[in-house]
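Colleague: Model the structure of this input:
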Amino acid sequence: MAETKTNRGYLSATIGCRCPRCREGKLFQYPVSANLKKNMTMHKNCPVCGQPTEIEVGFYYGTSYVSYAITVAMSVASLAVWAFTIGLSIDDNRFFYWMGTNAVLLLLLQPWLMRLSRSFWISWFVKFDRDWRQHQPEDVSERMNADQANNW
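Modeller: Have a look, this model is predicted:
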């Protein structure tokens, strides 16, 4: 079998929720859905390169800050689009219509935003390795709980 190297860039791999090490394997086991338990179920290791997805216990606590930043950026962008297309006015409630529309939009996108924030978070801690086939993933077992270390 011929070895192929991925052509995915950082942003396309991260937005596509791919492993940051090989940029090929999917981080999540199931497609995006409203079922939050299934939606957030990640592979323990990348199915392609073996990179652990939970680097240490509580690793993903910081994703709340990433999710917050993404939602603020999306809200500012939607406000700008709304202001340029529809306009903003408190007198005829257009601003409040934007607030309602933005809230519904963010609620509908929440399952995807939660995944995206995890994908960005892990991509900042695991570097891309173009030659991952020649290197073993970093042993992080000393930072994992006993159950995770046994599965490693």
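Colleague: Leaving out sequence neighbours, find the closest residue to Ala34.
Modeller: In space, and not counting its chain neighbours, Ala34 is closest to Pro111: 6.1 Å by Cβ to Cβ, 6 or more residues apart in numbering. (Glycine included, C-beta is placed from N, CA and C.)
Colleague: Got the confidence number for that neighbour?
Modeller: Here the pLDDT value assigned to Pro111 is 91.
Colleague: From the contact counts, what lies against the strand or helix carrying it?
Modeller: Taking DSSP states H and E as the criterion, Pro111 maps to helix 94-123. If contacts are counted by 3 or more Cβ pairs under 8 Å, 6 or more residues apart in numbering; DSSP states H and E, helix 94-123 sits against helix 10-15, helix 36-39, helix 63-85.
Colleague: List the buried residues for the first one?
Modeller: The reference is to helix 10-15. For helix 10-15, burial by neighbour count (16 or more other Cβ atoms under 10 Å) applies to Ala13, Thr14.
Colleague: Give me the contacts around it.
Modeller: Contact with helix 10-15 is made by Thr6, Cys19, Pro20, Arg23, Leu116, Ser119, Phe120, Ser123, Phe128, as judged by Cβ atoms under 8 Å, 6 or more residues apart in numbering.
Colleague: Thanks again, I'm all set now.
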